[in-house]
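J.: Sharing a model that was predicted from the sequence below.
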Protein chains: 2
Amino acid sequence: MASSSLRFAQPTSANGILKTKTNTFFTRRVFPFTQFTNKSLVSNARAITKLTCVNGRTEIATCNHIIGEKTELAPLKIGIIGFGNFGQFIAKGMRRQGHSVLATSRSDYSEYCKQNGIQFFRNMEALCEEQPDVILVCSSILSTENIIRSIPFHKLNPDTIFADVLSVKQFPRNLFIEVLPPRFGIVCTHPMFGPESGKNGWIELPFVFEKVRVSDVGSQAEKCTQFLNIFEQEGCRMVEMSCEEHDRHAAGSQFITHTIGRVLSHLNLESTPINTKGYETLLQLTENSVSDSFDLYYGLFMYNVNATEQMDNLDRAFETVKQKLYGRLHDILRKQIVERVPMQGASKAKSTNPGSYLLPDKTSITQLTSLTIPEMNLSEAVAVSSHR
Amino acid sequence: MASSSLRFAQPTSANGILKTKTNTFFTRRVFPFTQFTNKSLVSNARAITKLTCVNGRTEIATCNHIIGEKTELAPLKIGIIGFGNFGQFIAKGMRRQGHSVLATSRSDYSEYCKQNGIQFFRNMEALCEEQPDVILVCSSILSTENIIRSIPFHKLNPDTIFADVLSVKQFPRNLFIEVLPPRFGIVCTHPMFGPESGKNGWIELPFVFEKVRVSDVGSQAEKCTQFLNIFEQEGCRMVEMSCEEHDRHAAGSQFITHTIGRVLSHLNLESTPINTKGYETLLQLTENSVSDSFDLYYGLFMYNVNATEQMDNLDRAFETVKQKLYGRLHDILRKQIVERVPMQGASKAKSTNPGSYLLPDKTSITQLTSLTIPEMNLSEAVAVSSHR
C-alpha cells in the first residue's frame, strides 16, 4: 500500500516551488518512474512528466511521506456507505491515491470489492467496528436520511469525519448537524461529474466542498486536508463554496440540464440522416440523463429549495416561446379575418373556396405556398407583431 | 477564373477509380500543386494529398475541364438572391469551387462583394439581365414568397435552374412549382449547417437535396450536376431526400433543437463556477440559437407542417415530467395527511408545531432535514408512487 500512496503536488508558482491549496507537506527529490508499479498511477506519472518540463529537474511533493523528516502520514481508512455506481466510481480515485477503502451497501458487492482491493462489509456495524477515519456517504439522496440515522455512532472514533457526495448540499449539511454527535467532523462535497463525464480522468472537473465542522483539536483538520487532497491530486478544480451557494447554482444549471434531458427522453428522439450538430448534442444529453435514475432527478428537485423556482422559470420560458409563435400566427389570421387582407397566393391556389380567409387545415397547408401577407410589406407585418 | 475552377472527385471504390455521385466527367492526370494560385483552393490541395495517399499516384477528375478532350465545362454563373449572413457563407463555397457569383439583396453589400470577387447588383432586374445559370434563393423563409414573385422571369434564360437553401422544403418546392415558368429547373436544397457549425469546413456535414424538376433537354441536367458538385467537392455528406421526408425529419430534430435553445434563452442562463459538462452544452446551444434570428425560428414553425405536432409533443413531455415530480410530492403529502404518517425528523425538528402534517414553506425546508418518510421503507414509498 505504501508505494501506491505517493501523491504529487502541482506547481502553482513560476519559480518551480510546489504547492497544494490544502496541503503543506513538501519535499524535493528526483523520483524514478520505475517506482510506479501500480497501473492506476499513470495519471501521476503524467503529472511528473509535466513537472519535468516545467522545472528542468523533477520536483515532487509527497503528501503522505515526509521524506527525510520524522513525521509520516498514514493512508486514510475511508468507509463508503452506499456502494452503487457512483460509490464505486469515486472509490477508484481513493484507491489511485493509495488509501484503504471499506464499503457497505444494501446490495452485495463483495465480489467486485475483492477484485478491486476493497474490503466489503455486509452491514454497517461491521464497517463501523473498523473505525474508518472518514465515513463517506454515497447513498442516493432519497435514502440518505434513513441511512445516516441507522449508523451505530458509538462504534466510531470520536474524531471521525463525515463526508457526503450528494448533488444537493443544504439537506445533508443540516442532516449531519442535526444527527451526528458534536465531535464528529463534517465536510460536505459535490464532485460535479460522474462515471460518464469523468471516465477519462478528473482533470479540471469541478469539485465543490464546504468544511462545515472541522475540529482544530486532534487529527481531524489534517485528515480532512488529506481527504480533500485526493480530489486535488486527481486534478479536480477545487471550488470551496457554501452549501447554500451550491444549491442556488446547481438548481440553475444541473437541475435545468437534467430537466431538459428528462423532457427530451419523453420525445423518443431518434438519430436522423440529417442531424445537425446541435441536435446531436441533444441526443447525447438525453442519453446521459436517462442513464441516471429518476430517483436522482427527483432528489435534485425535492431536496433543493431552489428547484421549484427554476421549474417555474422553465415553465414560463416555454409558455413565452409558444405565445410568441402562436401569437404571431393569430396576428396574421386576424389581419385576414378582420382587416380582410387576403392570404398570399389565395387567388392562384387551387382552392374550392378561393375567397376564404380561414387558415387552411394541415393538408391544405402542404399544398398552399405560404401564409404570408402579400399586400403589406413583410417587415411591416413583423413590426406589427412584435409591437403588440 | 479558369485556373480556379478545377475541382476534384473523391475515390469511392477500393481500386482507385474516381467517381462522384453526381458527375461523370473524369480524367487522369498528375496535377502539380503549383497550379493552385488561389488561396481558397487550399481544400482542394488537401484533397489531392489524400488522393496521392490512396493511389500511390495522383488520380484526379476535373469537373470543368475534360483534359485531352474537346468538351470544356465553363464555371457556373450563380446569382444569389438575398445576401445576408447565410448567403455570404454559402457563396464562399461557390467561390472556392471556382464559380462566378453574382448577388443582390435588400441591403447594400457592394463593398463586401468587391473584396470577395463577387458582382453585386442593386436590384433584381440588373442581376437577371446577366442571365445566371443558377438562381440561388438565400432569402429568409418569411420573405421568400414576395421575392420569388418579384423576379423578372422574362429576362432569364429559359433553362435557368432555381435552387433554394431554406430550412423548410415543402414550402419552397410548392412555391417554385406554382410560380416559376415550366421550363425552369428546380432543385430544392438544405445545407444542414451554417456559419457557426460550418466554420471549420463542410466535411461530413449533411447536405439535403431534391431534384424537383430537371429537364433532360439542353444543359439543365449538366448544370444541376455541376451545382450539386460544389457541395460534394467541399466534402458534404450528400443526402438525396424528398421535401416531405426532409420536413418530417427536420421538425423532429432541427425544430426541437431550436425550440430548446429558444426556451433556454428566456432563462438567462449564466456560466457558474460549478458547470457540469452537460450544462456547458446547453449554454452553447442557447448561444447558437439566439445567434439566429427569431424570424428563422418562426419560419421553421410556420412553414413546416410537422412543427405543430412536435410542439405539442414537447408540451406533453414537459407536462409528463412535471406531473411525475409533483405527483410524487403529493403522494408523500397524502401519506402524511390521510394515513397520518408523520414527516421524518418532525419530532426532532425545532418546529413550533411539531405535530403538523403540512408541507413546510420554503424557509422551513431550508431548516428541516428532509421530507422522506421514516416509518416506511423508502423503496416502498417509491413503489407506491410509481404504481399509482
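T.: Sure thing, it's come through.

J.: Doesn't A:Thr189 belong to a helix?
T.: No - if the criterion is DSSP: H, G, I helix; E, B strand; the rest coil, then A:Thr189 is strand and not within a helix.

J.: got the contact list for it?
T.: Counting by Cβ atoms under 8 Å, 6 or more residues apart in numbering or on different chains, A:Thr189 touches A:Ala163, A:Asp164, A:Val165, A:Phe207, A:Val208, A:Phe209, A:Glu210, A:Leu228, A:Phe231. Placement of C-beta: from N, CA and C, glycine included.

J.: Could you export the residues you listed as a markdown table, including neighbour count and pLDDT?
T.: Below are the contacts of A:Thr189 laid out as a markdown table (neighbours: other Cβ atoms under 10 Å in any protein chain shown; pLDDT from 0 to 100):
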| residue | neighbour count | pLDDT |
| --- | --- | --- |
| A:Ala163 | 24 | 98 |
| A:Asp164 | 26 | 98 |
| A:Val165 | 22 | 98 |
| A:Phe207 | 23 | 98 |
| A:Val208 | 25 | 98 |
| A:Phe209 | 24 | 98 |
| A:Glu210 | 20 | 98 |
| A:Leu228 | 23 | 98 |
| A:Phe231 | 23 | 98 |
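
J.: just those residues that are near chain B?
T.: A:Val208 (Cβ under 8 Å from any Cβ of the partner chain).

J.: Restricted to helices, list the contacts of A:Thr189.
T.: Of those, the ones assigned to helices by DSSP state H are A:Leu228, A:Phe231.

J.: average pLDDT across stretch A:289-302?
T.: Mean pLDDT, computed over stretch A:289-302, is 93.

J.: Also stretch A:134-151?
T.: Mean predicted lDDT for stretch A:134-151 stands at 96.

J.: what about A:Pro181, how many neighbours?
T.: Counted with other Cβ atoms under 10 Å in any protein chain shown, the neighbours of A:Pro181 add up to 11.

J.: Verify the stated contact: it with A:Pro152.
T.: No - using Cβ atoms under 8 Å, A:Pro181 is not in contact with A:Pro152; the gap is 11.5 Å.

J.: Strictly from the record, what residue spans define the domains of chain A?
T.: As given by automatic domain parsing, the domain ranges for chain A are A:3-70, A:77-241, A:246-327, A:331-386.

J.: For these, which has the smallest mean pLDDT value?
T.: Among those, domain A:3-70 scores lowest, at a mean of 35.

J.: The host helix or strand of A:His330 and chain B in contact?
T.: Using DSSP states H and E, the element containing A:His330 is helix A:307-337. Yes - using Cβ under 8 Å from any Cβ, helix A:307-337 reaches chain B at A:308, A:311, A:313-318, A:320-322, A:324-325, A:328-329.

J.: Buried only: go through those residues for me.
T.: Buried members of the residues of helix A:307-337 next to chain B, counted by 16 or more other Cβ atoms under 10 Å in any protein chain shown: A:Thr308, A:Met311, A:Asn313, A:Leu314, A:Ala317, A:Phe318, A:Val321, A:Lys322, A:Lys324, A:Leu325, A:Arg328, A:Leu329.

J.: Pick the one among those closest to chain B.
T.: Using Cβ to the nearest Cβ, A:Ala317 comes nearest to chain B of those, at 3.6 Å.

J.: How much space separates the nearest residue to the closest one once chain neighbours are set aside from B:Tyr112?
T.: Closest residue in space to A:Ala317, ignoring its immediate chain neighbours: B:His266 at 3.6 Å, by Cβ to Cβ, 6 or more residues apart in numbering or on different chains. For B:His266, the distance to B:Tyr112 equals 33 Å [Cβ to Cβ, to the nearest Å].

J.: ok, now A:Gln284?
T.: For A:Gln284, the distance to B:Tyr112 equals 37 Å [Cβ to Cβ].

J.: cool, A:Lys169 as well?
T.: In terms of Cβ to Cβ, A:Lys169 sits 52 Å off from B:Tyr112.

J.: And the two? Which one has more around it.
T.: More crowded of A:Lys169 and B:Tyr112, by other Cβ under 10 Å: A:Lys169, with 26 against 16.

J.: so how far is A:Lys223 from that one?
T.: Distance of A:Lys169 to A:Lys223, given as Cβ to Cβ: 21 Å.

J.: What of A:Ser215?
T.: Noted for A:Ser215: a distance of 10 Å to A:Lys223, by Cβ to Cβ.

J.: again with A:His246
T.: To A:Lys223, A:His246 is 23 Å away according to Cβ to Cβ.

J.: quick one, which of those two is more surrounded?
T.: The residue with more neighbours, out of A:His246 and A:Lys223, is A:His246; 28 against 23, by other Cβ under 10 Å.

J.: Is chain B within reach of the one helix or strand the more buried one maps to?
T.: Secondary structure from DSSP H and E places A:His246 in helix A:243-250. Yes - using Cβ under 8 Å from any Cβ, helix A:243-250 reaches chain B at A:His246, A:His249, A:Ala250.

J.: Surely the last one is in contact with A:Val168?
T.: Yes - between A:Ala250 and A:Val168 a contact is recorded at 7.1 Å, counting by Cβ under 8 Å.

J.: who touches both of those two?
T.: Counting by Cβ under 8 Å, 6+ apart, the common neighbours of A:Ala250 and A:Val168 are A:Leu300, A:Asn304.

J.: Could you export the contacts of A:Thr189 as CSV, including distance to B:Asn288?
T.: Listed next are the contacts of A:Thr189 as CSV, based on distance: Cβ to Cβ, whole Å:
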residue, distance to B:Asn288
A:Ala163, 39
A:Asp164, 36
A:Val165, 33
A:Phe207, 29
A:Val208, 28
A:Phe209, 33
A:Glu210, 35
A:Leu228, 37
A:Phe231, 33
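
J.: hey, where'd the helices end up in the stretch 51-200 of chain A?
T.: Counting by DSSP state H, counting those that start in this stretch, the stretch 51-200 of chain A has helices at residues A:85-96, A:110-115, A:124-129, A:141-149, A:170-179.

J.: a markdown table please, covering those helices and showing distance to chain B.
T.: Putting these into a markdown table (distance: least, Cβ to the nearest Cβ, whole Å) gives the following:
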| stretch | distance to chain B |
| --- | --- |
| helix A:85-96 | 14 |
| helix A:110-115 | 21 |
| helix A:124-129 | 16 |
| helix A:141-149 | 4 |
| helix A:170-179 | 4 |
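
J.: Nearest to A:Met302, out of those helices?
T.: helix A:141-149 (7.7 Å; Cβ to Cβ).

J.: helices or strands next to that closest one in the packing?
T.: Where contact means 3 or more Cβ pairs under 8 Å, 6 or more residues apart in numbering or on different chains; DSSP states H and E, helix A:141-149 is packed against strand A:134-137, helix A:170-179, helix A:294-302, helix B:378-386.

J.: Of the ones you listed, which stretch is the most buried?
T.: Burial of the helices and strands packed on helix A:141-149 is given as mean neighbour count (mean count of other Cβ atoms under 10 Å in any protein chain shown); strand A:134-137 ranks first at a mean of 24.

J.: Give me the sheet partners of that strand and which way each runs.
T.: strand A:77-81 (parallel), strand A:161-164 (parallel) (DSSP bridges).

J.: I would like the C-alpha coordinates for that strand, written out in PDB, please.
T.: The C-alpha trace of strand A:134-137 is given here as PDB (Å, rounded to 0.1, in the frame of the first residue of the first chain):
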ATOM      1  CA  VAL A 134     -13.700   9.100   7.100                       C
ATOM      2  CA  ILE A 135     -17.300   7.900   6.600                       C
ATOM      3  CA  LEU A 136     -18.200   8.800   3.000                       C
ATOM      4  CA  VAL A 137     -21.900   8.700   2.400                       C
END
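
J.: Which residues does that strand contact?
T.: Here strand A:134-137 makes contact (Cβ under 8 Å, 6+ apart) with A:76-82, A:90, A:144, A:147-148, A:151, A:156, A:160-166, A:172, A:223, A:227.

J.: residues contacting the nearest residue to A:Ala91 once chain neighbours are set aside?
T.: Distances taken as Cβ to Cβ, 6+ apart place A:Val101 nearest to A:Ala91, at 5.0 Å, with adjacent residues excluded. Neighbour list for A:Val101: A:Ile78, A:Ile80, A:Ala91, A:Met94, A:Arg95, A:Gly117, A:Ile118, A:Gln119 [criterion: Cβ under 8 Å, 6+ apart].
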